[in-house]
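Participant: kindly return the folded structure for what I paste below:
(one chain, ligands or ions: 2)
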Amino acid sequence: MTIRARARVFSFIIRINMAFKVAVLPGDGIGPEVTAEAVRVLKACGGDYDFQEALVGGIAWEKTGTPLPNETLDLCRTADAILMGAVGGPKYDNIQPPSLRPEIGALLALRRELELFANVRPAKTLPPLLNASPLKGDHGLIDLVVVRELTGGIYFGEPRERRENGTVAVDTCIYSRSEIERITERAFSIARARKREIVSVDKANVLETSRLWREVVTEMAGANKDVKVTHMLIDNCAMQLVRDPKQFDVILTENMFGDVLSDEASMITGSLGLLPSASLGNPRNGKPFGLYEPVHGSAPDIAGQGRANPIAAILSGAMMLRYTFNDSVNADRVEAAVEQVLGEGLRTADIFEKGTKLISTVEMGSAIAAKLA
Ligand code: IPM
Ligand code: MG
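Facilitator: Ligands and ions are numbered 1, 2, ... in the order given. Next up, the predicted model:
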């Protein structure tokens, strides 16, 4: 074996013996409480993870003057994955300039800086909680995933500004072919692990960006005939989601429509508080890099009281195992543990109902972790 080949084998051995580095960004409100429980559960899975915490959001702004300090961004750039809690809160809503607000200065900045272009939001009803769905009977028993483009569209287009003494406002919706191609490719690979059906959602009867979107998705569908692709207008999709949500498996859509549809889909499962998400970028160290976070926000009204539901954060940890660490065995175990604990009637305040047992954030995390020991 040549010296170079030996060196390569050696560095590979070092790499597989090295712990995976996970950047933990607890953030604001209930973020720290729920993130701590996700870390507890991940540790109970027994993998070799090096958790490194950093400041983000309003708390980072208070302590350092910026919602996304350089150290945090550097940690994220060198980590294998990021586990985030939540950012923002009424305390920070009026920070000037707006670019320093946690949502824009931390969350959107992280998405853009790390090129996390694929937002994957599964909405799956947990059968013990079916009663919480606003849809009648088993109508609310859904299992779908919204694949949302996350770094383009009207969220990031320039110009965005006020004109004519602030009396006129402009946002710009812009998409390039390559942006649409890469998110569509991700949707195809997600669909292949599911029912091989994609509904692509746009507003092609009005918007030029949507016409390009439909053109590109149609082209790619022609080259990937193993997946069935149909198109739906956003207004119709919003309606179909409450009329007959079971018709959907993978919904592929642009940034703004995905923001709205993912909230709508998540509510069908009964609680926004239970749903995880992954924001994926390009592979790093050979693994799909991603930021994993609950879909819910920072809920400042209940922060620090042990009332928050850590399940969305815990399930985000499971997505991290599945997508970045290719460990579907432990991801399945975590998801099963969550269902088991709910099946036993344990509930945090948000999902408590008569005949169930009310427990705290830490108790919920501990109960789930105990199933994995
Ligand atoms: C989400 C949130 C964010 C978004 C906000 C907080 C900027 O609603 O992740 O869906 O609009 O993308
Ligand atoms: Mg949203």
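Participant: and stretch 145-154 with ligand 1, contact?
Facilitator: No - against ligand 1, stretch 145-154 shows no contacts by C-beta under 6 Å from any ligand atom, the least distance being 7.4 Å. For every residue, glycine as well, the C-beta is placed using N, CA and C.
Participant: okay, that stretch in PDB with CA atoms only?
Facilitator: Coordinates of each C-alpha in stretch 145-154 appear next as PDB, following Å, rounded to 0.1, in the frame of the first residue of the first chain:
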ATOM      1  CA  VAL A 145     -44.500  15.900   4.400                       C
ATOM      2  CA  VAL A 146     -44.200  19.400   3.200                       C
ATOM      3  CA  VAL A 147     -40.900  20.000   1.300                       C
ATOM      4  CA  ARG A 148     -40.500  23.800   1.300                       C
ATOM      5  CA  GLU A 149     -37.900  25.700  -0.600                       C
ATOM      6  CA  LEU A 150     -36.200  27.800   2.200                       C
ATOM      7  CA  THR A 151     -33.600  30.200   0.800                       C
ATOM      8  CA  GLY A 152     -35.300  31.900  -2.100                       C
ATOM      9  CA  GLY A 153     -38.500  33.500  -3.200                       C
ATOM     10  CA  ILE A 154     -40.000  36.500  -1.500                       C
END
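Participant: quick one: buried residues of that stretch?
Facilitator: 145, 146, 147, 148, 149, 150, 151, 152, 153, 154 (16 or more other C-beta atoms under 10 Å).
Participant: from those residues, which ones fall inside strands?
Facilitator: 145, 146, 147, 148, 149 (DSSP state E).
Participant: quick one: which of these is nearest ligand 1?
Facilitator: residue 148 (8.1 Å; C-beta to the nearest ligand atom).
Participant: might you report the residue contacts of that closest one?
Facilitator: 118, 119, 120, 121, 253, 254, 255, 257, 258, 259, 261, 262 (C-beta atoms under 8 Å, 6 or more residues apart in numbering).
Participant: among the residues you listed, which lie within strands?
Facilitator: 118, 119, 120, 121, 253.
Participant: can I get these in TSV including distance to residue 203, pLDDT and neighbour count?
Facilitator: As requested, the ones in strands among the contacts of residue 148 are exported to TSV (distance: C-beta to C-beta, whole Å; pLDDT from 0 to 100; neighbours: other C-beta atoms under 10 Å):
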residue	distance to residue 203	pLDDT	neighbour count
118	21	98	26
119	19	98	26
120	22	97	23
121	20	97	24
253	10	98	29
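Participant: would you mind checking which of these is nearest to residue 352?
Facilitator: residue 121 (24.9 Å; C-beta to C-beta).
Participant: shouldn't the closest one be in contact with residue 295?
Facilitator: Yes - using C-beta atoms under 8 Å, residue 121 is in contact with residue 295, at 6.2 Å.
Participant: shared neighbours, the two?
Facilitator: In contact with both residue 121 and residue 295: 262, 266, 275, 277, using C-beta under 8 Å, 6+ apart.
Participant: low-confidence ranges, the chain, go.
Facilitator: 1-17 (pLDDT under 70).
Participant: quick one, strands of it?
Facilitator: Going by DSSP E, the chain shows strands at 20-27, 49-53, 81-86, 118-124, 143-149, 157-163, 168-172, 197-202, 228-233, 250-253, 276-284, 287-294, 346-347, 357-358.
Participant: which elements pack onto the last one?
Facilitator: This points to strand 357-358. Of the remaining helices and strands, those touching strand 357-358 by 3 or more C-beta pairs under 8 Å, 6 or more residues apart in numbering; DSSP states H and E are strand 346-347.
Participant: what's the answer for the longest one, then?
Facilitator: In terms of contacts (3+ C-beta pairs under 8 Å, 6+ apart), strand 276-284 is packed against strand 118-124, strand 287-294, helix 311-323.
Participant: tabulate these (JSON lines), appending distance to ligand 1.
Facilitator: Shown next, in JSON lines, are the helices and strands packed on strand 276-284 (distance: least, C-beta to the nearest ligand atom, whole Å):
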{"stretch": "strand 118-124", "distance to ligand 1": "7"}
{"stretch": "strand 287-294", "distance to ligand 1": "8"}
{"stretch": "helix 311-323", "distance to ligand 1": "12"}
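Participant: single out the most deeply packed of these.
Facilitator: helix 311-323 (a mean of 26; mean count of other C-beta atoms under 10 Å).
Participant: what's in contact with that one?
Facilitator: 22, 34-35, 37-39, 41-42, 45, 47, 81, 83, 85, 120, 122, 273-278, 280, 288, 290, 292-296, 327-328, 330-331, 334-335, 338, 348, 364-365, 368.
Participant: so how do I select the buried members of the residues you listed in ChimeraX?
Facilitator: Listed next is the ChimeraX selection for buried residues among these, using 16+ other C-beta under 10 Å:
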select :22,34,35,37,38,39,41,42,45,81,83,85,120,122,273,274,275,276,277,278,280,288,290,292,293,294,295,296,327,330,331,334,335,338,348,364,365,368
